[in-house]
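Trainee: Sequence below, structure please.
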Amino acid sequence: EAHEGHLLSACGDGSIKLWDLGLRHNPWRAFTEHSKEVHGLTWNLVARETFASASWDGTIKLWNPLVPASLVTWGEHEGQVYDAKFTPHSATGLASAGGDRTVRLWDTRSARSSAALVGHSHEVLSVDWSKYSPYTLASASADRSILLWDTRRPNAVIAALRGHRYAVRRVKFSPFSPHQLFSASYDLCVGVWDVTPGRGGALRPDMRQLHTEFVTGLDCSLFAEGLVASCGWDRSVQVWSAGVPGPPRR
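Mentor: I've put the predicted structure just below:
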């Protein structure tokens with residue numbers, strides 16, 4: 001985001017709230033075009049004045065925080081859209097995860113998606129781009145798998161990572177290593193995967209049961225290598241080190 005004090009929140013009533021941490025009275029702005037729950041938000045990491053939203057109303061919208069109406073609306077998914085992520089390698093590249101079992105690729109300059117990635121057997125719940133390879137994308141699904149894609153060849157899966165016992169709710173590439181991937185699942189576990197090319201995730205993942213209910217969120221520190229935070233329905237946030245096995249740090 002262009003303003004370090006700006007924070008976005010996705011709401012169950014279909015609204016998006018923009019908060020300014022420097023203001024006393026918030027939210028600073030509300031966007032209310034979605035008709036159902038907003039389930040994903042992503043800042044553009046290159047064209048930092050824009051963000052995108054993914055909603056259960058089946059649409060993805062592109063926004064500028066200074067403009068009250070959305071700039072573009074896309075509606076090709078059949079059913080809910082659970083996630084959308086801008087690539088860190090381009091100002092216009094976007095991927096989305098849909099309840100129709102597809103991942104779609106978008107160029108924000110176009111009114112139509114550029115490709116549909118088909119490989120999951122159930123709803124796709126999360127996507128994330130590699131920070132080191134501009135064409136590598138991961139998707140996580142209710143079918144318990146994580147798929148790795150080369151977006152230049154959308155008809156083929158690079159690797160299928162299996163090890164979770166229930167739906168994989170979140171997937172995240174490490175910001176420090178091109179070979180490390182994290183996942184959060186409804187099986188109460190977080191996973192640490194080695195995705196070195198050629199191994200195809202064949203190495204047994206490091207599975208850690210840090211929560212007592214569904215794990216729904218996961219993110220990596222951009223400043224401390226290996227530091228990861230996860231959250232779940234147990235109302236806890238666990239902060240842990242990917243390089244140190246055992247219980248979370250706090």
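
Trainee: which residues are in contact with the helix or strand encompassing residue 207?
Mentor: Using DSSP states H and E, residue 207 sits in strand 206-209. Contact with strand 206-209 is made by 163, 164, 188, 189, 190, 191, 192, 193, 240, 242, 245, as judged by CB atoms under 8 Å, 6 or more residues apart in numbering. C-betas here are computed from N, CA, C, even on glycine.

Trainee: ok, those residues vs residue 17, which is closest?
Mentor: residue 190 (27.9 Å; CB to CB).

Trainee: How about residue 14, nearest residue that isn't a chain neighbour?
Mentor: residue 34 (4.0 Å; CB to CB, 6 or more residues apart in numbering).

Trainee: and the one you found, helix, strand or coil?
Mentor: State at residue 34, reduced to three classes by DSSP: H, G, I helix; E, B strand; the rest coil: coil.

Trainee: just the buried members of the contacts of strand 206-209?
Mentor: 163, 164, 188, 189, 190, 191, 192, 193, 240, 242 (16 or more other CB atoms under 10 Å).

Trainee: ok, now how distant is the first one from residue 183?
Mentor: Per CB to CB, to the nearest Å, residue 163 is found 9 Å from residue 183.

Trainee: Can you check which residues contact both of the two?
Mentor: Common neighbours of residue 163 and residue 183, using CB under 8 Å, 6+ apart, are 191, 205.

Trainee: pLDDT at residue 203, what is it?
Mentor: Listed pLDDT for residue 203 reads 53.

Trainee: go on, residue 24?
Mentor: 88.

Trainee: still on that earlier bit, mind listing the strands the strand holding residue 207 pairs with, and their directions?
Mentor: Paired neighbours of strand 206-209 in the sheet (DSSP bridges): strand 189-194 (antiparallel).

Trainee: next one: the strand it pairs with to chain centre, how far?
Mentor: Here the centre of mass of C-alpha atoms in strand 189-194, compared against the chain's by CA atoms, centre = their mean, to the nearest Å, lies 16 Å away.

Trainee: hmm, back to that, quick check, distance from the strand holding residue 207 to the centre of its chain.
Mentor: Counting by CA atoms, centre = their mean, strand 206-209 comes out at 20 Å from the chain centroid.

Trainee: For it, list every residue counted as buried.
Mentor: 206, 207, 208.
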